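[1] just a sequence and a predicted model for now, questions to come.
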Amino acid sequence: MKKKINVLKLTRVALSVAFISIGAMLSFPTTPAFSLQTLCIFIVSVFLTPTEALWAGFVYILLGIVGLPIFSNFGSGIGVILSLSGGFIISFPLVLFIISKMIRKFQKTTFVYAFVFGVATLITYVFGAIWIEALNYYDGTFLQMLPACILPFIPFDALKIFVAILCIKKLGSALGHNEEKNNSSKNG
(Lines give C-alpha, C1' and ligand atoms only; values in the text may rest on other atoms or scores of the structure.)
Protein backbone atom coordinates (compact mmCIF):
# COMPACT_ATOMS: atom_id res chain seq x y z
CA MET A 1 0.00 0.00 0.00
CA LYS A 2 2.83 2.41 0.83
CA LYS A 3 4.44 1.91 -2.60
CA LYS A 4 1.15 2.64 -4.31
CA ILE A 5 0.86 5.96 -2.47
CA ASN A 6 4.45 6.88 -3.35
CA VAL A 7 3.86 6.08 -7.03
CA LEU A 8 0.72 8.20 -6.97
CA LYS A 9 2.57 11.12 -5.38
CA LEU A 10 5.47 10.82 -7.83
CA THR A 11 3.04 10.75 -10.72
CA ARG A 12 1.21 13.84 -9.45
CA VAL A 13 4.51 15.72 -9.05
CA ALA A 14 5.75 14.63 -12.50
CA LEU A 15 2.51 15.61 -14.22
CA SER A 16 2.55 18.96 -12.43
CA VAL A 17 6.12 19.65 -13.54
CA ALA A 18 5.10 18.78 -17.11
CA PHE A 19 2.08 21.10 -16.90
CA ILE A 20 4.18 23.99 -15.54
CA SER A 21 6.77 23.36 -18.27
CA ILE A 22 4.14 23.50 -20.99
CA GLY A 23 2.81 26.74 -19.51
CA ALA A 24 6.30 28.22 -19.58
CA MET A 25 6.69 27.30 -23.23
CA LEU A 26 3.41 29.00 -24.11
CA SER A 27 4.78 32.51 -24.20
CA PHE A 28 3.65 35.54 -26.13
CA PRO A 29 5.96 38.08 -27.76
CA THR A 30 5.10 41.04 -25.59
CA THR A 31 7.10 43.38 -23.45
CA PRO A 32 7.38 42.23 -20.74
CA ALA A 33 7.47 38.55 -21.67
CA PHE A 34 4.15 36.89 -20.95
CA SER A 35 3.87 33.14 -20.43
CA LEU A 36 1.30 30.85 -18.86
CA GLN A 37 3.81 29.48 -16.35
CA THR A 38 2.33 31.10 -13.25
CA LEU A 39 -1.19 30.25 -14.42
CA CYS A 40 -0.14 26.59 -14.39
CA ILE A 41 1.52 27.03 -10.99
CA PHE A 42 -1.74 28.39 -9.57
CA ILE A 43 -3.72 25.46 -10.95
CA VAL A 44 -1.43 22.59 -9.92
CA SER A 45 -0.79 23.95 -6.43
CA VAL A 46 -4.49 23.67 -5.60
CA PHE A 47 -4.58 19.96 -6.46
CA LEU A 48 -1.25 18.99 -4.84
CA THR A 49 -0.49 18.52 -1.17
CA PRO A 50 1.95 21.11 0.21
CA THR A 51 4.78 18.55 0.14
CA GLU A 52 4.01 17.54 -3.44
CA ALA A 53 3.79 21.20 -4.44
CA LEU A 54 7.20 21.93 -2.92
CA TRP A 55 8.73 18.96 -4.72
CA ALA A 56 7.15 20.00 -8.02
CA GLY A 57 8.81 23.41 -7.73
CA PHE A 58 12.24 21.99 -6.93
CA VAL A 59 12.05 19.32 -9.64
CA TYR A 60 10.99 21.95 -12.20
CA ILE A 61 14.00 24.13 -11.37
CA LEU A 62 16.46 21.22 -11.27
CA LEU A 63 15.30 19.85 -14.62
CA GLY A 64 15.70 23.29 -16.17
CA ILE A 65 19.16 23.77 -14.66
CA VAL A 66 20.41 20.40 -15.96
CA GLY A 67 19.43 21.35 -19.48
CA LEU A 68 15.83 20.47 -20.24
CA PRO A 69 14.35 23.44 -22.14
CA ILE A 70 11.41 23.91 -19.77
CA PHE A 71 11.81 27.54 -18.76
CA SER A 72 9.97 30.24 -20.70
CA ASN A 73 10.92 30.58 -24.36
CA PHE A 74 12.39 27.04 -24.18
CA GLY A 75 15.22 28.27 -21.97
CA SER A 76 17.40 25.99 -19.88
CA GLY A 77 20.59 25.91 -17.87
CA ILE A 78 22.05 27.88 -15.01
CA GLY A 79 22.24 30.94 -17.28
CA VAL A 80 18.46 31.32 -17.06
CA ILE A 81 18.64 31.27 -13.26
CA LEU A 82 21.40 33.91 -13.38
CA SER A 83 19.34 36.10 -15.72
CA LEU A 84 16.66 38.69 -14.95
CA SER A 85 14.00 36.01 -14.60
CA GLY A 86 16.01 33.85 -12.19
CA GLY A 87 14.56 35.33 -9.02
CA PHE A 88 11.03 34.76 -10.24
CA ILE A 89 11.86 31.11 -11.01
CA ILE A 90 13.59 30.59 -7.66
CA SER A 91 10.37 31.64 -5.91
CA PHE A 92 8.33 28.84 -7.47
CA PRO A 93 8.85 26.08 -4.85
CA LEU A 94 7.90 28.46 -2.04
CA VAL A 95 4.95 29.85 -3.99
CA LEU A 96 3.64 26.38 -4.83
CA PHE A 97 3.96 25.33 -1.18
CA ILE A 98 2.29 28.47 0.18
CA ILE A 99 -0.65 28.27 -2.22
CA SER A 100 -1.23 24.60 -1.44
CA LYS A 101 -0.97 25.20 2.30
CA MET A 102 -3.19 28.31 2.35
CA ILE A 103 -5.88 26.84 0.10
CA ARG A 104 -6.27 23.92 2.51
CA LYS A 105 -6.84 26.25 5.46
CA PHE A 106 -9.83 28.13 4.05
CA GLN A 107 -13.12 27.45 2.32
CA LYS A 108 -12.53 27.38 -1.40
CA THR A 109 -14.28 30.53 -2.58
CA THR A 110 -13.46 32.80 -5.48
CA PHE A 111 -12.27 35.42 -3.00
CA VAL A 112 -9.93 32.97 -1.24
CA TYR A 113 -8.44 31.80 -4.53
CA ALA A 114 -7.95 35.40 -5.69
CA PHE A 115 -6.41 36.43 -2.37
CA VAL A 116 -4.05 33.44 -2.15
CA PHE A 117 -2.97 33.78 -5.79
CA GLY A 118 -2.46 37.51 -5.24
CA VAL A 119 -0.22 36.82 -2.24
CA ALA A 120 1.69 34.24 -4.28
CA THR A 121 2.13 36.73 -7.11
CA LEU A 122 3.42 39.33 -4.67
CA ILE A 123 5.95 36.82 -3.31
CA THR A 124 7.12 36.11 -6.86
CA TYR A 125 7.47 39.85 -7.54
CA VAL A 126 9.52 40.35 -4.38
CA PHE A 127 11.86 37.45 -5.18
CA GLY A 128 12.27 38.73 -8.74
CA ALA A 129 12.96 42.30 -7.64
CA ILE A 130 15.47 41.25 -4.99
CA TRP A 131 17.21 39.03 -7.54
CA ILE A 132 17.42 41.82 -10.12
CA GLU A 133 18.80 44.17 -7.46
CA ALA A 134 21.31 41.55 -6.24
CA LEU A 135 22.63 41.04 -9.76
CA ASN A 136 22.86 44.80 -10.32
CA TYR A 137 20.70 44.69 -13.44
CA TYR A 138 19.10 48.01 -12.61
CA ASP A 139 20.71 51.43 -12.22
CA GLY A 140 18.87 53.09 -9.38
CA THR A 141 17.57 52.39 -5.93
CA PHE A 142 15.60 49.32 -4.97
CA LEU A 143 12.43 51.39 -4.56
CA GLN A 144 12.90 52.95 -8.00
CA MET A 145 13.32 49.50 -9.49
CA LEU A 146 10.14 48.00 -8.01
CA PRO A 147 7.70 49.70 -10.41
CA ALA A 148 9.82 48.64 -13.39
CA CYS A 149 9.86 45.03 -12.17
CA ILE A 150 6.24 44.80 -11.08
CA LEU A 151 3.90 47.26 -12.80
CA PRO A 152 4.23 45.85 -16.33
CA PHE A 153 3.23 42.38 -15.09
CA ILE A 154 0.14 43.32 -13.06
CA PRO A 155 -2.46 43.26 -15.89
CA PHE A 156 -1.23 39.91 -17.22
CA ASP A 157 -1.03 38.37 -13.76
CA ALA A 158 -4.51 39.61 -12.84
CA LEU A 159 -5.80 37.93 -16.00
CA LYS A 160 -3.94 34.71 -15.10
CA ILE A 161 -5.48 34.74 -11.62
CA PHE A 162 -8.96 35.11 -13.13
CA VAL A 163 -8.39 32.31 -15.67
CA ALA A 164 -6.84 30.05 -13.01
CA ILE A 165 -9.92 30.42 -10.81
CA LEU A 166 -12.20 29.52 -13.71
CA CYS A 167 -10.06 26.49 -14.60
CA ILE A 168 -9.85 25.28 -10.99
CA LYS A 169 -13.60 25.49 -10.51
CA LYS A 170 -14.20 23.53 -13.74
CA LEU A 171 -11.46 20.99 -13.04
CA GLY A 172 -12.52 20.58 -9.42
CA SER A 173 -16.07 19.66 -10.34
CA ALA A 174 -14.91 17.46 -13.24
CA LEU A 175 -12.48 15.59 -10.98
CA GLY A 176 -15.06 15.17 -8.24
CA HIS A 177 -13.30 17.46 -5.78
CA ASN A 178 -15.74 18.85 -3.28
CA GLU A 179 -15.34 20.90 -0.13
CA GLU A 180 -15.71 18.00 2.31
CA LYS A 181 -13.14 15.90 0.46
CA ASN A 182 -10.69 18.81 0.17
CA ASN A 183 -11.14 19.84 3.79
CA SER A 184 -10.59 16.28 5.00
CA SER A 185 -7.26 16.10 3.15
CA LYS A 186 -5.75 19.25 4.65
CA ASN A 187 -2.68 17.43 5.88
CA GLY A 188 -0.32 16.51 3.10
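    Cool, the structure landed.

[2] off-centre distance for the helix or strand where Gly128 lies?
    Following DSSP states H and E, one finds Gly128 within helix 110-134. Its chain's C-alpha centre and that of helix 110-134 lie 10 Å apart, by CA atoms, centre = their mean, to the nearest Å.

[3] got the buried residues for stretch 52-63?
    The neighbour-count check on stretch 52-63 (16 or more other CB atoms under 10 Å) flags 52-57, 59-61, 63 as buried. In this view, the C-beta of every residue, glycine as well, is placed from N, C-alpha and C.

[4] before we move on, back to that, which residues does the helix holding Gly128 contact?
    Here helix 110-134 makes contact (CB atoms under 8 Å, 6 or more residues apart in numbering) with 38, 41-42, 45-46, 84-88, 90-92, 94-95, 98-99, 102-103, 106, 138, 142, 145-146, 149-150, 153, 157, 161, 164-165, 168-169.

[5] whichever helix or strand comes after it - contacts with which helices or strands?
    Following helix 110-134 in sequence order, the next helix or strand is helix 142-150 (DSSP H and E). Other helices and strands packing on helix 142-150, by 3 or more CB pairs under 8 Å, 6 or more residues apart in numbering; DSSP states H and E, are helix 110-134.

[6] for this structure, where's the lowest mean pLDDT among helices and strands?
    In the chain, no helix or strand scores lower on mean pLDDT, DSSP states H and E than helix 179-184, which sits at a mean of 43.

[7] hang on, the earlier thing: next step: the buried residues of stretch 52-63 restricted to strands.
    Among the buried residues of stretch 52-63, no member falls in strands (DSSP state E).

[8] among these, which one lies nearest to Phe34?
    Relative to Phe34, the closest of the buried residues of stretch 52-63 is Tyr60; by CB to CB it sits at 18.8 Å.

[9] now do the contacts for that closest one.
    Applying CB under 8 Å, 6+ apart, the residues near Tyr60 are 17, 20-21, 70, 92.
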